[in-house]
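In: based on what follows, work out the 3D shape:
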Amino acid sequence: MGGGEMMISEKIEEAINKQINEELYSAYLYLAMAADLEKRNLKGAANWMKVQAQEELTHAMKFFDYLNERGGRVKLMEIRQPPFEWKSVAEIFREANKHEQYITAKINELMDLAIGEKDHATANMLQWFIEEQVEEEASTDEIATKFEMIGEDGRGVFMLDRELAARKFVDETEEG
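Out: As a prediction, this is how the structure comes out:
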């Protein structure tokens, strides 16, 4: 910002950098889940997770671009290694749901911080993520519940896998 004062507080900058890392880890986690699902020959469920991973990358970029727009500095951190195998398909989606709940908590902490810092622009930007997280939690919970209900029934798993194959990536961050 040309020697002038930064437009975003250091606290918010640091918190957003941590959130960029969380979103990138989420993409890693969902790719790891996709790989496990591929090994199980569940290409539909793997597709669903790959789309989820792409979504998380767009979330990371939304924070990345926002931080740059506000005159902050993006500092990329090491992304930790995700697990790579799970006991069952139901467990994979249940873990995805737990992870989304964790991300929701992180977004809420960011919102609390933005309000505390009287940073209205950041609070406004975070509103999109708060709404997005409601959807993320609902969809992962729904799929996990379906796989839990089906259990080991091959036909049910096959049908649900086919349903999940239909998911296509849409960059929702571009919609406003």
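In: can you find the helix or strand of the protein with the lowest average pLDDT?
Out: Across the helices and strands of the chain, mean confidence by mean pLDDT, DSSP states H and E is lowest for helix 154-164: a mean of 95.
In: wait, residue 168 touches residue 54, no?
Out: No: in this structure, residue 168 is not within contact of residue 54 by Cβ atoms under 8 Å, at 10.1 Å. For the C-beta atoms, the positions are set from N, CA and C on the backbone; glycine is no exception.
In: neighbour count for the two, which is higher?
Out: Remark: of residue 168 and residue 54, residue 54 carries more neighbours, 16 against 7, as counted by other Cβ atoms under 10 Å.
In: list the contacts for the more buried one?
Out: Applying Cβ atoms under 8 Å, 6 or more residues apart in numbering, we find residue 54 in contact with 27, 169.
In: assign it to helix, strand or coil.
Out: Three-state call for residue 54 (DSSP: H, G, I helix; E, B strand; the rest coil): helix.
In: show me what contacts the residue positioned nearest the centre of the chain?
Out: Centroid-nearest residue in the chain, with Cα atoms, centre = their mean: residue 56, separated by 4.2 Å. By Cβ under 8 Å, 6+ apart, residue 56 lies in contact with 23, 24, 26, 27, 30.
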